[in-house]
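Chemist: Give the three-dimensional model of this entry:
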Amino acid sequence: MAKSFGCDEHSAQDLVQEMYLRLHKYVENPERVMHGDEINTYFVFVVLRNLQYTKSRAPYFEYLEDLGDLDGSYEDPDLESEEVFDTLIDSLWDEVEEWHWYDTKLFKIYHNSNMTIKKISEETKISERSIWNTLDNGRKKIQINCRKEYEAWKAQERKSGGW
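Modeler: Here you go, the predicted structure:
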């Protein structure tokens, strides 16, 4: 299943291991994962898909600084790349700030905490579907309204050879 998301062998194995950890951590009732004596493949698929989606959104919201090799070396930062990346991140958060307060709040809770949609739903008493729809609509707004900055960042990445 993990390979069907476009993962290579190593990434697929990592994704499956993360899925097992998530199932162990969040599934209190094993019957949710089991369908009789068989594993509920749809449930596993959804968990894998959500994990892959979470991994794929990382470039939008996280800046992973290049710490150099383990021997302590550190390359000079590419200031132009950093500036383009900072512009992208600023435009993303400016976009989020323009939304209705409810949408902004849910988006920030989801992206700034380690809470799952289910946990947010339990804490706020908002339906999981409503939270999911809000996040999905926000993602679509970001894709449309921050496209220019994203394309500039991708072009800079190709030019500089990546972070």
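
Chemist: What count of nearby residues applies to Asn145?
Modeler: Using other C-beta atoms under 10 Å, Asn145 has 14 neighbouring residues. For glycine as for every other residue, the C-beta is placed from the backbone atoms N, C-alpha and C.

Chemist: Which positions in the strand or helix carrying Asn50 come out as buried?
Modeler: Using DSSP states H and E, the element containing Asn50 is helix 41-56. Of all the residues in helix 41-56, those buried under the rule 16 or more other C-beta atoms under 10 Å are Val44, Val47, Leu48, Arg49, Leu51, Gln52.

Chemist: Quick check: the third one vs Ile120, distance?
Modeler: For Leu48, the distance to Ile120 equals 21 Å [C-beta to C-beta, to the nearest Å].

Chemist: quick one, phi/psi of Tyr110?
Modeler: When read as degrees, to the nearest 10, the backbone of Tyr110 gives phi -70, psi -40.

Chemist: Can you check the pLDDT for it?
Modeler: Per-residue pLDDT puts Tyr110 at 88.

Chemist: how many neighbours does the residue nearest to it when sequence neighbours are not counted have?
Modeler: Once flanking residues are discounted, Tyr110 sits nearest to Leu135: 5.8 Å by C-beta to C-beta, 6 or more residues apart in numbering. By other C-beta under 10 Å, 18 other residues sit near Leu135.

Chemist: try the one 5 residues further on
Modeler: When neighbours are defined as other C-beta under 10 Å, Lys140 has 10 of them.

Chemist: re the thing from before, test my guess that the residue nearest to Tyr110 contacts Ile117.
Modeler: Yes. Leu135 is within contact range of Ile117, at 7.4 Å (criterion: C-beta atoms under 8 Å).

Chemist: Give me the common contacts of the two.
Modeler: Tyr110 (C-beta atoms under 8 Å, 6 or more residues apart in numbering).

Chemist: domain ranges for this structure?
Modeler: 2-56, 69-160 (automatic domain parsing).

Chemist: what's the least confident stretch among those domains?
Modeler: Among these, domain 2-56 scores lowest, with a mean of 73.
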